[in-house]
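Student: Predicted structure and sequence below. I'll ask about it afterward.
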Amino acid sequence: MKRIIPAILLLLSLTGCYNSGEPRERVLKIYNWADYIGDSVLEDFQAYYKEQTGENIRIVYQTFDINEIMLTKIEKGHEDFDVVCPSEYIIERMLKKHLLLPIDTIFAHSPNYMHNVSPFIREQINKLSRPGEEASRYAVCYMWGTAGLLYNRAYVPDSVATSWGCLWNKKYAGKILMKDSYRDAYGTAIIYAHAKELEERSVTVEELMNDYSPQAMGLAEKYLKALKPNIAGWEADFGKEMMTKNKAWLNMTWSGDAIWAIEEAGAVGVNLDYEVPKEGSNIWYDGWVIPKYARNPEAASYFINFMCRPDIALRNMDFCGYVSSIATPEILEEKIDTTLTYFSDLSYFFGPGADSIQIDKIQYPDRKVVERCAMIRDFGDKTKEVLDIWSRIKGDNLGVGITILIFIVVAWMSGWMIYKRWQRYSRRKQQRRRSRRKKVKRLSNKSQ
Amino acid sequence: MNKRFIVFLSSRKSWTLPYIIFSVVFVIIPLFLIVVYAFTDDSGHLTLANFQKFFEHPEAINTFVYSIGIAIITTLVCILLGYPAAWILSNSKLNRSKTMVVLFILPMWVNILVRTLATVALFDFISVPLGEGALIFGMVYNFIPFMIYPIYNTLQKMDHSYIEAAQDLGANPVQVFLKVVLPLSMPGVMSGIMMVFMPTISTFAIAELLTMNNIKLFGTTIQENINNSMWNYGAALSLIMLLLIAATSLFSTDDKDHSNEGGGLW
């Protein structure tokens, strides 16, 4: 026994070993999306950090796949992650709740790479600002992209995929996949519901995306309910596979996923394409932030700066398929593809001079595409109501057959119970009567 | 007090100590937290709003009833398929080797998720559409060992002289089965029902994978709420599910009392 207890204590201390002994300044805790960073970028950061500060650093790298879980860990669990990569609406929520530290932009030796971020992106991130708190001081955009339609060109003509309307088309019923994301679904429904007004330019996508009035909610719900019978499934990550196997023809998805799918499908001879419909869509941004409970904000700032280096940005971009927010000439040069037959206007992103370049249009959307898209802001207190709509749409499977079955089973079970109880009761009564009779007999025998 | 503790430690009862610690940490505290969360709101004030929300929202009740329905169907199919299987396994005339038992129980050794993913791939291969039918198939496939094994156990432990006695008294095979074997194996069936019904109500992974997220079960609703950091409502829903499971287990304990009274007969 005496030997066991120290052994247990040793075991317990081993599980939390990094915070015993090792100073916290030598550890950088990163919390990122899964598959969202280039190969061996972390090792290179360690070398970079050593070069800059002369100190070694150990990296604790963890991944998440749901924004809200990450937020809960930081907000309620007070976990001391130094650098995290949430989506724009979570950055907004974190700013609102004062959960962020400003990012240090003064670097003693190294050049400041953070200004490599495209001014356009910085402007977009600044829309999340609160009075007195400029958002771009707290968040540096990492990757960005659009939401749109991935479609199979063998079954869906290019002219059809230019409108969200094809999702509501009965012709494609059972061949449509939607991303399992209530924010994108809500945005899509509300945009399509106002397709006519958008064409007349009496409303903007940005207004629609962020309209949570009861009328808008009701309208979105109506459209999503009409959409449901057409849907083959709500995909979390099986969309790519189903599209490349011709099992689904249309998939509402994100640009980075679309690039993966198109590449994979091309390898097996399936012709997929991606389009941001003419009504407009959602542009999203994921960014690096330093949470309030971070215990090594200095190394975190170095890390964010390092991630903004053009060569590192390119490596990350090649790895995950999404588009980095970095807009330097090196990146432009690397990304230009002279084999393409179309020209895009990217002056909004790379600055003047890039108004007619040959570049992948899925990764880098044309100015016209970006102009019809908008960021979906945080729903705030309305999140619960939107989720209610979401669960009303997804959770409506109850049929008459099952209801009847339940009634029969419950009725049968209760009937059976009552029957058993009654049987037991009558048996007891009989036993009692019998024993009473016996007693009477015994008594009468005695008295004789 | 201290002395008593030492006496406790030196007695054989002290062997329960690890389990007591385990159950306090992993069962009692989490349950207590569920109750606390279910009856409070975001800021920690006592409230019944979470339960009110459940009863006011038809879609939550809809999903709940639907999950119960699916669980009932799964349990019924499991009994219908599992009883004959258990009967074959326990019958020494039909099954002479113990390898059969291992083969029947084998699926239980494979992780549920792996089995379900394999089912999806298989259905893809033979191009069976995913949906309600696939869901029920997946549920039955995953939970049928939990039905076979308890029935097999009771059938095996059954005293065969009862059957011989019935045969001596002139019962035909059907009568022997209905009047002797079936009632004697009922405790096994009851525990099989418990082991199948309870987990099927709360699964969500099988439903998500085998219906492409199209069919939502109650477990999915809870998971969705908790993932979107609405812990209080999620906790209230979990509590409602726990209460239902507790209610179903009442059925079985009642029958057990009875079986003790009736001299082992159900």
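Tutor: The structure has been received and is ready for your questions.
Student: For the closest residue to chain A within chain B, give me its contacts.
Tutor: Residue nearest to chain A within chain B (C-beta to the nearest C-beta): B:Met212, separated by 2.5 Å. Quick note: C-beta positions are derived from backbone N, CA and C, even for glycine. Under the criterion of C-beta atoms under 8 Å, 6 or more residues apart in numbering or on different chains, the contact list for B:Met212 reads A:Leu177, A:Ala232, A:Gly233, A:Trp234, A:Glu235, A:Phe238, B:Leu130.
Student: how about a cut-off of 6 Å?
Tutor: A:Gly233, B:Leu130 (C-beta atoms under 6 Å, 6 or more residues apart in numbering or on different chains).
Student: and residue 194, how many neighbours?
Tutor: Just going to use chain A. 22 (other C-beta atoms under 10 Å in any protein chain shown).
Student: The intended chain is chain B.
Tutor: So B:Met194, with other C-beta under 10 Å, has 18 neighbours.
Student: pLDDT at it, what is it?
Tutor: pLDDT, the model's per-residue confidence, is 87 for B:Met194.
Student: Quickly find the element holding it.
Tutor: helix B:182-202 (DSSP states H and E).
Student: Briefly note if that helix comes near chain A.
Tutor: No. Between helix B:182-202 and chain A, judged by C-beta under 6 Å from any C-beta of the partner chain, nothing touches; the nearest distance is 10.4 Å.
Student: May I see the buried residues of that helix?
Tutor: By neighbour count on 16 or more other C-beta atoms under 10 Å in any protein chain shown, the buried set for helix B:182-202 is B:183-202.
Student: Quick check, the residue in chain A closest to chain B?
Tutor: Closest point on chain A to chain B, by C-beta to the nearest C-beta, is A:Gly233, at 2.5 Å.
Student: any idea how far that residue lies from A:Ala411?
Tutor: Using C-beta to C-beta, to the nearest Å, we find A:Gly233 at a distance of 35 Å from A:Ala411.
Student: So which of these two has more stuff around it?
Tutor: A:Gly233 (24 against 10).
Student: Enumerate every residue touching the more buried one.
Tutor: Contacts of A:Gly233 by C-beta under 6 Å, 6+ apart are A:Leu177, B:Met212, B:Asn213, B:Asn214.
Student: Now list the buried members of these.
Tutor: Buried, going by 16+ other C-beta under 10 Å: A:Leu177, B:Met212, B:Asn213, B:Asn214, out of these.
Student: quick one: the residue nearest the centre of chain B and B:Leu80, what's the gap?
Tutor: Residue closest to the average C-alpha location in chain B (C-alpha atoms, centre = their mean): B:Met195, at 2.7 Å. Relative to B:Leu80, B:Met195 is positioned 16 Å away (C-beta to C-beta).
Student: count of residues packed around B:Tyr152?
Tutor: Around B:Tyr152 there are 25 residues (other C-beta under 10 Å).
Student: what secondary structure does it sit in?
Tutor: helix (DSSP: H, G, I helix; E, B strand; the rest coil).
Student: Beyond the helix holding B:Met194, next helix or strand please.
Tutor: Helix B:182-202 is succeeded, C-terminally, by helix B:205-210 (DSSP H and E).
Student: Can I get the helix holding B:Met194 in CSV, CA atoms only?
Tutor: Listed in CSV are the C-alpha atoms of helix B:182-202, where the atom choice follows Å, rounded to 0.1, in the frame of the first residue of the first chain:
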residue,chain,number,x,y,z
LEU,B,182,-40.7,-18.9,-22.8
PRO,B,183,-41.8,-18.0,-19.2
LEU,B,184,-38.5,-19.3,-17.8
SER,B,185,-36.5,-17.3,-20.3
MET,B,186,-38.4,-14.1,-19.7
PRO,B,187,-35.9,-12.5,-17.3
GLY,B,188,-33.3,-12.8,-20.1
VAL,B,189,-35.7,-11.2,-22.5
MET,B,190,-36.4,-8.4,-20.0
SER,B,191,-32.7,-7.6,-19.5
GLY,B,192,-32.2,-7.9,-23.2
ILE,B,193,-34.9,-5.2,-23.7
MET,B,194,-33.2,-3.0,-21.1
MET,B,195,-29.9,-3.4,-22.8
VAL,B,196,-31.2,-2.6,-26.3
PHE,B,197,-33.9,0.0,-25.6
MET,B,198,-31.8,2.3,-23.4
PRO,B,199,-28.8,2.8,-25.7
THR,B,200,-30.9,3.0,-28.9
ILE,B,201,-32.8,6.0,-27.5
SER,B,202,-29.6,8.0,-26.9
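Student: And it, what does it pack against?
Tutor: Other helices and strands packing on helix B:182-202, by 3 or more C-beta pairs under 6 Å, 6 or more residues apart in numbering or on different chains; DSSP states H and E, are helix B:58-90, helix B:132-157, helix B:231-261.
Student: could you redo the last one with a cut-off of 8 Å?
Tutor: Applying 3 or more C-beta pairs under 8 Å, 6 or more residues apart in numbering or on different chains; DSSP states H and E, one finds that helix B:182-202 makes contact with helix B:58-90, helix B:132-157, helix B:218-227, helix B:231-261.
Student: Dump these to a markdown table, plus mean pLDDT and distance to A:Gly218.
Tutor: Shown next, in a markdown table, are these (pLDDT from 0 to 100; distance: least, C-beta to C-beta, whole Å):
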| stretch | mean pLDDT | distance to A:Gly218 |
| --- | --- | --- |
| helix B:58-90 | 90 | 15 |
| helix B:132-157 | 90 | 29 |
| helix B:218-227 | 86 | 21 |
| helix B:231-261 | 73 | 22 |
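Student: Reformat these as JSON lines; add distance to chain A.
Tutor: Output for these, formatted as JSON lines (distance: least, C-beta to the nearest C-beta, whole Å):
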{"stretch": "helix B:58-90", "distance to chain A": "4"}
{"stretch": "helix B:132-157", "distance to chain A": "8"}
{"stretch": "helix B:218-227", "distance to chain A": "5"}
{"stretch": "helix B:231-261", "distance to chain A": "6"}
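Student: and A:Tyr155, which of those helices is closest to it?
Tutor: Closest approach to A:Tyr155 among the helices and strands packed on helix B:182-202 (C-beta to C-beta): helix B:132-157, 23.8 Å.
Student: now the angle from the helix or strand just after the closest one to helix B:182-202?
Tutor: Next helix or strand after helix B:132-157 toward the C-terminus (DSSP H and E): helix B:160-168. If you take axes from the mean of the first three to the mean of the last three C-alpha atoms, to 10 degrees, helix B:160-168 sits at 120 degrees to helix B:182-202.
Student: Contacts for helix B:160-168, please.
Tutor: Under C-beta under 8 Å, 6+ apart, the answer for helix B:160-168 is B:Gln175, B:Val176, B:Lys179, B:Val180, B:Val181, B:Leu184.
Student: Export those as JSON lines, with columns for pLDDT.
Tutor: Formatted as JSON lines, the contacts of helix B:160-168 follow (pLDDT from 0 to 100):
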{"residue": "B:Gln175", "pLDDT": "91"}
{"residue": "B:Val176", "pLDDT": "90"}
{"residue": "B:Lys179", "pLDDT": "88"}
{"residue": "B:Val180", "pLDDT": "89"}
{"residue": "B:Val181", "pLDDT": "89"}
{"residue": "B:Leu184", "pLDDT": "89"}
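Student: Can you pick out the most distant pair from those?
Tutor: B:Gln175 and B:Leu184 (13.8 Å).
Student: show me where chain A has strands.
Tutor: With DSSP state E as the criterion, chain A has strands at A:27-33, A:58-64, A:83-84, A:100-101, A:139-152, A:176-179, A:231-235, A:250-254, A:272-275, A:281-291, A:323-324, A:373-374.
Student: strands paired with the longest one, and their directions?
Tutor: Applying DSSP bridges, strand A:139-152 is found paired with strand A:250-254 (antiparallel), strand A:272-275 (antiparallel), strand A:281-291 (antiparallel), strand A:323-324 (antiparallel).
Student: With respect to burial, which of these scores highest?
Tutor: strand A:323-324 (a mean of 26; mean count of other C-beta atoms under 10 Å in any protein chain shown).
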